[in-house]
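Q: What would the 3D arrangement of this be:
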Amino acid sequence: MAGEALSAGTVARRLGVAVTTLRTWHQRYGLGPSQHVPGHHRRYTSADLARLEIMRRLTAEGVAPAEAARWANQGPAVDFGGEPRLRAARDGGGQTIGVGRAGPAARGLARAAVRLDSVAISEAIEQALERDGVIATWDGLLRPVLAGIGERHAATAGLIEVEHLMSRCVSEAFAAVARAGKATGPPRILLSCADEEQHTLPLEALAAALAEAGVAYRALGARVPVAALVEAVNRTGPAAAVIWSHTAATADPGQLSTLLAAPRRPLLVLAAGPGWRAETLPVGVVRPVGLTEAVSLALAVRDSWGHFSGE
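A: Numbering: from 1, shown residues only. Predicted coordinates:
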């Protein structure tokens, strides 16, 4: 790939992101094309692409975009042999849960998690949801704390009880948002984990964000075999299907190909989560970067479905 001069469209396809996402990363964080070709728009080099891959992986793992961009701009020397980690920047001693630059609210929530103080955890999450909404709460508060717990567990093999309690509190808070949502129209969005995928919190966050936006959906939950997923699609005819995979072990692209071949295939299939790799996705599958983009795409396809179907 050395010496290639890539267009924004080509880079977007390789990364599995929207061109508008590339423009945002360019305008806000300076992660833009660096090669000038006379008579053409500026082009992305292989080094530019490597930085953008770091940005994509880190944001998919829950790192705030500004911090992810700071690491990406340092170049591809960051170790991404496995799942992206920033332990050196976040690690602390003892039972401390690092939250990077997430701020005092996240640090307070992390301390409550270490104390196993479920009342304080729930109150902090509920207050943030009421004040800031689902997307801001997920990106600015919950993801940093959950990522910090995961990193601490990876380093020490501890805090399993903290992760379980925190996950339960988050699930309960999102379920409350979903119950309070004022969805209109039939549920045209189908949410499902990939086969054998048990990590559901990000999908629950998406469900809560859709409910908050008044979008009806169906959620199938964890570990959905592909045959069951196709059956659900054929029975309900959703406008969009979101398939979540947290790890490469559950991200079999064959699941997506089977879904695309279904008689009532959705207009849009989203492969969400860091498990999926853009270069392995079937043509026609979109890989959203973050909760905001997933919600925006779901809203757009729901509105398009209404015009398409005459509803």
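
Q: Residue 206 contacts residue 295, correct?
A: Yes - between residue 206 and residue 295 there is a contact under C-beta atoms under 8 Å: 6.9 Å. From N, CA and C alone the C-beta is placed, and that goes for glycine too.

Q: between these two, which one's more packed in?
A: Shown here are residue 206 and residue 295; by other C-beta atoms under 10 Å, residue 206 has more neighbours (27 against 21).

Q: Look at residue 29 and report its pLDDT.
A: We have a pLDDT of 87 for residue 29.

Q: Pull up the gap between it and residue 144, please.
A: Relative to residue 144, residue 29 is positioned 18 Å away (C-beta to C-beta, to the nearest Å).

Q: Next: residue 282.
A: Distance from residue 282 to residue 144, by C-beta to C-beta: 33 Å.

Q: Tell me which of the two has more neighbours.
A: Set residue 282 next to residue 144 and count neighbours by other C-beta under 10 Å: residue 144 wins out with 27 against 16.

Q: if you go through the stretch 201-311 of the chain in chain order, where are the helices?
A: 201-212, 226-236, 253-260, 290-309 (DSSP state H, counting those that start in this stretch).

Q: Report the secondary structure element holding residue 26.
A: Taking DSSP states H and E as the definition, residue 26 sits inside helix 19-29.

Q: Would you mark the buried spots in that helix?
A: 21-22, 24-26, 29 (16 or more other C-beta atoms under 10 Å).

Q: What of stretch 227-246?
A: Applying 16+ other C-beta under 10 Å to stretch 227-246 flags 229-230, 232-233, 237-246 as buried.

Q: Could I get these in TSV, plus columns for distance to residue 55?
A: Shown next, in TSV, are the buried residues of stretch 227-246 (distance: C-beta to C-beta, whole Å):
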residue	distance to residue 55
229	30
230	34
232	34
233	32
237	36
238	30
239	29
240	25
241	26
242	22
243	23
244	21
245	20
246	19
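
Q: With pLDDT and distance to residue 173 as extra columns, can I get those in a markdown table?
A: As requested, the buried residues of stretch 227-246 are arranged in a markdown table below (pLDDT from 0 to 100; distance: C-beta to C-beta, whole Å):
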| residue | pLDDT | distance to residue 173 |
| --- | --- | --- |
| 229 | 96 | 27 |
| 230 | 96 | 32 |
| 232 | 96 | 26 |
| 233 | 96 | 29 |
| 237 | 92 | 31 |
| 238 | 93 | 26 |
| 239 | 93 | 27 |
| 240 | 94 | 25 |
| 241 | 96 | 25 |
| 242 | 96 | 20 |
| 243 | 97 | 24 |
| 244 | 96 | 19 |
| 245 | 94 | 24 |
| 246 | 91 | 20 |
